[in-house]
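[1] would you be able to build a 3D model of this:
(one chain, ligands or ions: 1)
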Amino acid sequence: MKAIQVKENIYWVGAIDWSVRNFHGYTTNRGATYNAYLILDEKVTLIDTVKEPFKEELLERISDIIDPEKIDYVVSNHVEMDHSGSIPRIMEVCKNAEIVTSYPSGLKGLTAHYGNSYRYKPVKAGESLSIGKRTLSFVPTPMLHWPDNMVTYCPEEKLLFSNDAFGQHYASSERFDDESPQSVVMEEAKKYYANIIMLYGKQVQGAMQVVNTLDIDMIAPSHGIIWRSHVKDILSAYQTWSNNNPETGAVVVFDSMWHSTEMIAKTIAEAFTEKGISVKFFDLKEIHMSDIVPYILTSKYIAVGSPTLNNGMLPTVAAFLCYLKGLSPKNRKAFAFGSYGWGGQSIGQVEAELKACGFDLCLDAIKIPYIPSKEQLNEIHDKIIRLDSETEN
Ligand SMILES: Cc1cc2nc3c(=O)[nH]c(=O)nc-3n(C[C@H](O)[C@H](O)[C@H](O)COP(=O)(O)O)c2cc1C
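    Below is the predicted model:
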């Protein structure tokens, strides 16, 4: 296993997880990487580690360049175990290394995971560490996406080790953006943002203010490819996504037992399309919620439908709404729909959840007993057509 040069005397020494398809509930359809970086300077520095099962891969790639025992500093930008999981193994080999972590949250998190027998070097906001020809500056990015998160900036190299920010779950033999299909990398970056970072839009905006003052020609995240040709593109995408205020687009999400709710969903989607609003259509039986939220990130309208099952909504819809509420997208217009037999409680429950998400309920819930007639579908169609012009006026 080889190390890959990122800049002179700086190497990618991470791991490629080709097979992972579920990352704490997020579907990783293209696998993942855990990126770690080795800097050869007067003080040999490792930036982050990898998920524990890949610890030997990390050591092998480091050994391709240098005896791992020579590592002086292990910078832990983030406590989560996909980055810190190999710290115990690394510390077994690198007996003299110090772990650089944010204070107080990084120190608290690492000691809670791995005990306090290691030598820790807690750093505060704005602190720097000279490692020889290079300096490492530590910029806290709390709640992006844990309290301990920080990024490490090397001004001499114009290089930002951004940890989870700007990352993507994407296993590939290529390491750089200009070697990879740009549409795929951006799609995965968007999926990552929507699922992991969307909730923290305000913190992203705060962090972007700092990042925008740095002279950066390369961003080396802890997942996926390294940005060197599209740095501006990913920074601008984060700016847009964190604004959390999409101008158009609609997402129709539903589940259905006997297709009635599906018929309503199709009618809604058709009507949005007729009005020139781009629609994405998701049947929760077929599509995982983590594949839906990237479209929520960039859509203004959200229509959610469920038939009634045992006085409630379908569990798939409940799970989706629970996930959506957690991610907390703002500035969206939403409505509920569904078919029912007798009580019809699901539709009101969906509506209540959409309200709890903080969405503007832009249409009364659509509630149809059993199979919708042609006339009822036409009525729904007309409502959506009117909704568009009403909300635009
Ligand atoms: C197992 C089962 C339980 C149901 N429970 C309820 C219920 O508690 N209240 C109700 O109004 N309808 C209930 N229904 C009726 C459905 O909501 C109704 O058939 C509806 O049209 C199904 O919509 P769909 O075709 O989108 O699945 C139930 C149906 C099934 C199959």
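[2] buried sites along stretch 336-349?
    Neighbour-count burial for stretch 336-349 flags 336-340, 344-349 (criterion: 16 or more other CB atoms under 10 Å). Every residue, glycine included, has its C-beta placed from N, CA and C.
[3] what about residue 304, distance to residue 360?
    In this view, residue 304 and residue 360 are 14 Å apart by CB to CB, to the nearest Å.
[4] give me the neighbour count for residue 216.
    21 (other CB atoms under 10 Å).
[5] and for residue 111?
    Residue 111, neighbours per other CB under 10 Å, totals 16.
[6] three-state assignment of it?
    Here residue 111 is helix, with the state taken from DSSP: H, G, I helix; E, B strand; the rest coil.
[7] enumerate every residue touching it.
    The contact partners of residue 111, by CB atoms under 8 Å, 6 or more residues apart in numbering, come to residue 120.
[8] distance of it relative to the ligand?
    Residue 111 is 50 Å from the ligand, where distance means CB to the nearest ligand atom, to the nearest Å.
[9] swap in residue 30?
    33 Å.
[10] using the three-state scheme, assign that residue.
    Residue 30 ends up coil, using three-state DSSP.
[11] which one is it nearest to, not counting chain neighbours?
    Closest residue to residue 30 apart from its sequence neighbours, by CB to CB, 6 or more residues apart in numbering: residue 170 at 4.9 Å.
[12] with residue 278 instead?
    Closest to residue 278 by CB to CB, 6+ apart is residue 249, at 5.2 Å.
[13] quick check: phi and psi on that neighbour?
    Main-chain torsions, residue 249, degrees, to the nearest 10: phi 90, psi 150.
[14] same thing with residue 34?
    phi -120, psi 110.
[15] any idea what it is bridged to?
    residue 15 (DSSP bridges).
[16] residue contacts, it?
    Residue 34 neighbours (CB under 8 Å, 6+ apart): 14-15, 17, 48-51, 54, 82-83, 222-223.
[17] taking those residues together, which two end up most distant?
    The most widely separated members of those, counting by CB to CB, are 17 and 48 (14.7 Å).
[18] so how far is residue 139 from the spatially closest residue to residue 102 that is not a sequence neighbour?
    Closest residue in space to residue 102, ignoring its immediate chain neighbours: residue 150 at 4.5 Å, by CB to CB, 6+ apart. According to CB to CB, residue 150 and residue 139 sit 6 Å apart.
[19] and the two? Which one has more around it.
    For residue 150 versus residue 139, neighbours defined as other CB under 10 Å are more numerous around residue 150 (28 against 20).
[20] surely the more buried one meets residue 104?
    No - using CB atoms under 8 Å, residue 150 makes no contact with residue 104, being 12.0 Å away.
[21] who has more neighbours out of residue 304 and residue 360?
    Per other CB under 10 Å, whichever of residue 304 and residue 360 has more neighbours is residue 304, with 30 against 13.
[22] contacts only, for the more buried one.
    Residue 304 sits next to 253-254, 317, 320-321, 334-337, 350, 353-354 when contact means CB under 8 Å, 6+ apart.
[23] now the longest strand along the chain: mean pLDDT?
    Using DSSP state E to define each element, the chain has its longest strand at strand 333-340. Across strand 333-340, pLDDT averages out at 98.
[24] please apply the same query to stretch 147-167.
    Per-residue scores along stretch 147-167 average to 97.
[25] straight-line length of that stretch, end to end?
    Using CA to CA, to the nearest Å, the end-to-end distance of stretch 147-167 comes to 18 Å.
[26] in this structure residue 201 contacts residue 244, no?
    Yes - using CB under 8 Å, residue 201 is in contact with residue 244, at 4.6 Å.
[27] mutual contacts of the two, please.
    residue 330.
[28] skip the chain neighbours and tell me the closest residue to residue 340.
    According to CB to CB, 6+ apart, the nearest residue to residue 340 is residue 308 (4.0 Å).
[29] list the contacts for that neighbour?
    Residue 308 neighbours (CB under 8 Å, 6+ apart): 338-341, 343-347.
[30] can you tell me how far it sits from residue 10?
    According to CB to CB, residue 308 and residue 10 sit 58 Å apart.
[31] repeat for residue 86
    As judged by CB to CB, residue 86 and residue 10 stand 19 Å apart.
[32] more neighbours: which of those two?
    Each of residue 86 and residue 10 has its neighbours counted (other CB under 10 Å); residue 86 has more, 28 against 22.
[33] surely the more buried one is in contact with residue 52?
    Yes - Residue 86 is within contact range of residue 52, at 5.8 Å (criterion: CB under 8 Å).
[34] ok so, going back, higher neighbour count, residue 17 and residue 48?
    Neighbour count, other CB under 10 Å: between residue 17 and residue 48, residue 48 has more, with 27 against 22.
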